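Visitor: quick one: sequence plus predicted model below, questions after.
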Amino acid sequence: MGETAQGEIAEHRAEEEEVEVEEEVEERSGGSQAASFSSTQSSHRLLAYSDALISIIATVMILPVAHTKLEDNEELKESVQLLLTTKICVYLMTFLIVTLAWAAHIRLFQVIVRIDDCLALLNLFCMMLITFLPYTFSLMATFPKNHLGILLFCACVMVIGLIQAVIVLYAFGRPILLSEHIQASENQSVYKQHILHVIVRVPLTCLLAAIVSFIFIQLSYVLLAFVIFLPYIFQALKWCRSKALGQAEEPPASILLYTYHPNEPLSKERVEAFSDGVYAIVATLLILDICEDNVPDPAVVKRQYDGSLIAALQDYGPEYLAYFGSFATVGLLWFVHHSLFLHVAKTTRLMGLLNTLSLAFVGGLPLAYQLTHGFPRNSRNELEAIQISCVIIFFAGINQLGIWVVALYSERETLHPCVRYGGHEHVFMLAKLALYPCVALATFFLTCILSKFSAPIFHLMEITVPFAFLVLRLLVRAGLALLRLVFCPERPDPRIVLEEEAEPFDVPVA
């Protein structure tokens, strides 16, 4: 009996020891997971820093174009041809290349949602090389027949691709850094191989371009242009293949990342942050020009104006007017952009591409500011400079309108219900987006007809558009009421109908 009791006690102690061992293992595993999670950080600040850095480096490339010295007696057409063939092309291509690198960064960190110290350092190294890309492209444009510029550019792109591949391998080695969708997936290896396959395409093409540059340098530039449009070429070929074979196109819900499909999702928050950075930098560049060019020399003030600073500043009146008009234009374009993305629920790749084109022309507004006040009044150069400014404003606004059209095409996925086609905010949003393109186009044709009054017409446009935004909602309501009165005169007011439907029915008394 005693031996039986001792055996039961021993078995009970053994069970308790097993439970304690299991609890220790669970605590250690849970502790290791907690320690692993605590060693990571949210990627929000890293992404905000990266977006700010890329938006700055993409926008400041307009400075060499805007500060090009143009003589008063020099024909602007010849100067514009020189700018278009050199500096403007460099600016646009650099802006496009940098924004493509930024879009690749967005896709990468839509897969990776948390970072650690290692990933943060790798991202900093990647940012350093991205910010160096404009310099290499400037060397290529200045010395097109020299191999050094193209070799430096290709080397930077290849190293950036290598760093991104290392980031992908490192993140998939620690799944806690990945998005929840990929963590829950049973095909993580398929995701990893697909992402690496897409990333490696660009470095390999640049390697081929660098080798070809020693044989036929013109062909290497063609290959680099191919790198820029490589994703869209692959997507177009894939679409043509599916149509030729009679295959159905993938529905948007099944589209994964790194497909370059027009409906592939793009982080709306990062698109907004990058756009805000570009608008803020452009507005800042305008005041930097004022501080640099419109502060008179004390010796000149004393000699020519008898020490009167007010009299000296009066000569800069047109420059101040051009500054305030340009700042109002930048601010209102941002206001329209803000209103547009306030109603967008999801951003796609095609919308991101149109947004990039709009921002590229917004970045050209400092050039428009420099041109509109850099020539004598009522001269041929002033007229052509004002028309160039109208063209820049028109394309900045028309691309924003294009974003709205693309969003309407797939409104159920991209827009909030209140602004879908037929919604009460739809017409007002359309009027906001169409205001600047219409006004810029009208100003362009008015300056062609009334060339002697081109400067007053342009400045009047810049001054009146802000007031037009203030009364725009009233004008839209009045226009809709007029159309309803003309085409639907017998249609009852919907508010009266709703009030009548809300009243209780009178029940007849027997």
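Guide: Done, it's in. Residues are numbered from 1 along each chain as shown.
Visitor: so how far is L367 from V168?
Guide: Going from V168 to L367 by CB to CB, to the nearest Å gives 39 Å. To be clear about C-beta, it is placed using only N, CA and C from the backbone, and glycine gets the same treatment.
Visitor: so for those two, which residue has more residues nearby?
Guide: For V168 versus L367, the count of surrounding residues by other CB atoms under 10 Å is larger for L367: 24 against 21.
Visitor: now E272. Nearest residue, chain neighbours left out?
Guide: F341 (5.5 Å; CB to CB, 6 or more residues apart in numbering).
Visitor: helices or strands next to the helix or strand the one you found falls within in the packing?
Guide: Assigned by DSSP states H and E, F341 belongs to helix 317-342. With contacts defined as 3 or more CB pairs under 8 Å, 6 or more residues apart in numbering; DSSP states H and E, the packing partners of helix 317-342 are helix 268-293, helix 349-362, helix 365-372, helix 380-409, helix 426-449, helix 454-470.
Visitor: quick check: angle from that helix to helix 380-409?
Guide: Between helix 317-342 and helix 380-409, the angle comes out at 10 degrees (axes from the mean of the first three to the mean of the last three CA atoms, to 10 degrees).
Visitor: residues of helix 317-342 that come out buried?
Guide: 319, 321-323, 325-327, 329-330, 332-334, 336-337, 339-341 (16 or more other CB atoms under 10 Å).
Visitor: then stretch 398-417?
Guide: Neighbour-count burial for stretch 398-417, with 16+ other CB under 10 Å as criterion, is recorded at 398-404, 406-408, 410-411, 414-415.
Visitor: how about a markdown table for those residues, with distance to N123 added?
Guide: As requested, those are arranged in a markdown table below (distance: CB to CB, whole Å):
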| residue | distance to N123 |
| --- | --- |
| I398 | 35 |
| N399 | 29 |
| Q400 | 30 |
| L401 | 35 |
| G402 | 32 |
| I403 | 28 |
| W404 | 33 |
| V406 | 30 |
| A407 | 31 |
| L408 | 36 |
| S410 | 32 |
| E411 | 35 |
| T414 | 29 |
| L415 | 33 |
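Visitor: could these go into CSV alongside distance to V391 and pLDDT?
Guide: Supplementary listing: those in CSV, determined by distance: CB to CB, whole Å; pLDDT from 0 to 100:
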residue, distance to V391, pLDDT
I398, 10, 94
N399, 13, 94
Q400, 15, 94
L401, 15, 93
G402, 16, 92
I403, 19, 93
W404, 21, 91
V406, 22, 90
A407, 25, 88
L408, 26, 86
S410, 30, 82
E411, 30, 81
T414, 29, 84
L415, 30, 84
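Visitor: ok, so of those, who is nearest V159?
Guide: N399 (32.1 Å; CB to CB).
Visitor: pretty sure the closest one is touching G352, no?
Guide: No: using CB atoms under 8 Å, N399 is not in contact with G352; the gap is 11.4 Å.
Visitor: what about E180, how many neighbours?
Guide: Residues near E180, counting by other CB under 10 Å: 8.
Visitor: list the buried residues for stretch 161-178?
Guide: For stretch 161-178, the buried set under the neighbour-count rule, 16+ other CB under 10 Å, comprises G161, I163, Q164, I167, V168, A171, F172, R174, L177, L178.
Visitor: can you tell me the closest non-neighbouring residue to the fifth one?
Guide: Distances taken as CB to CB, 6+ apart place I195 nearest to V168, at 5.4 Å, with adjacent residues excluded.
Visitor: residue contacts, that neighbour?
Guide: L108, V111, V168, L257, Y258 (CB atoms under 8 Å, 6 or more residues apart in numbering).
Visitor: what's the helix or strand for it?
Guide: helix 188-213.
Visitor: chain center to that helix, what's the gap?
Guide: 24 Å (CA atoms, centre = their mean, to the nearest Å).
Visitor: now swap in stretch 91-104 and tell me
Guide: With CA atoms, centre = their mean, you get 10 Å for stretch 91-104.
Visitor: just to revisit the earlier point, and the residue nearest to E272, what is it in contact with?
Guide: Counting by CB under 8 Å, 6+ apart, F341 touches K268, V271, E272, S275, T347.
Visitor: could you do L266 as well?
Guide: Contacts for L266 (CB under 8 Å, 6+ apart) come out as A103, I106, T347, T348, R349, M351, G352.
Visitor: could you redo the last one with a cut-off of 10 Å?
Guide: Counting by CB atoms under 10 Å, 6 or more residues apart in numbering, L266 makes contact with 103, 106-107, 110, 257, 346-353, 355.
Visitor: likewise for P144?
Guide: Shown in contact with P144 (CB under 10 Å, 6+ apart): I150, I217, Q218, Y221.
Visitor: buried ones in the host helix or strand of R303?
Guide: If you go by DSSP H and E, R303 is part of helix 298-304. Neighbour-count burial for helix 298-304 flags V301 (criterion: 16+ other CB under 10 Å).
Visitor: can you start the count at 230 instead of 1 from here on
Guide: Right, with 230 as the first residue, what we last looked at is helix 527-533.
Visitor: pull the CA atoms of that helix into PDB?
Guide: C-alpha atoms of helix 527-533 as PDB (Å, rounded to 0.1, in the frame of the first residue of the first chain):
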ATOM      1  CA  PRO A 527      23.300  99.000 -50.300                       C
ATOM      2  CA  ALA A 528      25.800 100.800 -52.500                       C
ATOM      3  CA  VAL A 529      23.300 101.000 -55.400                       C
ATOM      4  CA  VAL A 530      20.500 102.200 -53.000                       C
ATOM      5  CA  LYS A 531      22.700 104.900 -51.700                       C
ATOM      6  CA  ARG A 532      24.000 106.100 -55.100                       C
ATOM      7  CA  GLN A 533      20.900 105.800 -57.300                       C
END
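Visitor: just the residues contacting that helix, thanks.
Guide: Here helix 527-533 makes contact (CB under 10 Å, 6+ apart) with P525, D526, G536, S537, L538, I539, A540, A541, L542, D544.
Visitor: sitting in helices, which of those do you find?
Guide: Counting by DSSP state H, these place L538, I539, A540, A541, L542 in helices.
Visitor: ok, and the most crowded of these?
Guide: The most crowded member of the ones in helices among the contacts of helix 527-533 is A541, carrying 19 neighbours; neighbours defined as other CB under 10 Å.
Visitor: now do the strands in the stretch 280-429 of the chain.
Guide: For the stretch 280-429 of the chain, the strands defined by DSSP state E, counting those that start in this stretch occupy 343-344.
Visitor: residue ranges with poor pLDDT in it?
Guide: Scanning the stretch 280-429 of the chain for pLDDT under 70 picks out 295-316.
Visitor: could I get the full set of helices for it?
Guide: With DSSP state H, counting those that start in this stretch, the ranges of helices along the stretch 280-429 of the chain come out as 292-295, 305-314, 316-340, 346-371, 376-402, 409-413, 417-442.
Visitor: thinking again about what came up before, what would the contacts of F570 look like in CSV with distance to A707, pLDDT and neighbour count?
Guide: As requested, those are exported to CSV (distance: CB to CB, whole Å; pLDDT from 0 to 100; neighbours: other CB atoms under 10 Å):
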residue, distance to A707, pLDDT, neighbour count
K497, 33, 90, 17
V500, 34, 92, 23
E501, 32, 92, 18
S504, 32, 93, 22
T576, 33, 89, 23
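Visitor: tell me the one of those residues nearest Q464?
Guide: Nearest to Q464 out of those is T576 (CB to CB; 17.5 Å).
Visitor: would you check how far apart that closest one and V635 are?
Guide: Relative to V635, T576 is positioned 10 Å away (CB to CB).
Visitor: returning to that earlier point: ok, which pair from the contacts of P373 is furthest apart?
Guide: I379 and Q447 (10.8 Å).
Visitor: anything in contact with each of the two?
Guide: The contact lists of I379 and Q447 share P373, V441, where a contact means CB under 10 Å, 6+ apart.
Visitor: these two: which is more packed in?
Guide: In this view I379 and Q447 are compared by other CB under 10 Å, and I379 has more residues nearby, 27 against 10.
Visitor: ok, and the closest non-adjacent residue to the more buried one?
Guide: Nearest non-adjacent residue to I379 (CB to CB, 6+ apart): S442, at 5.0 Å.
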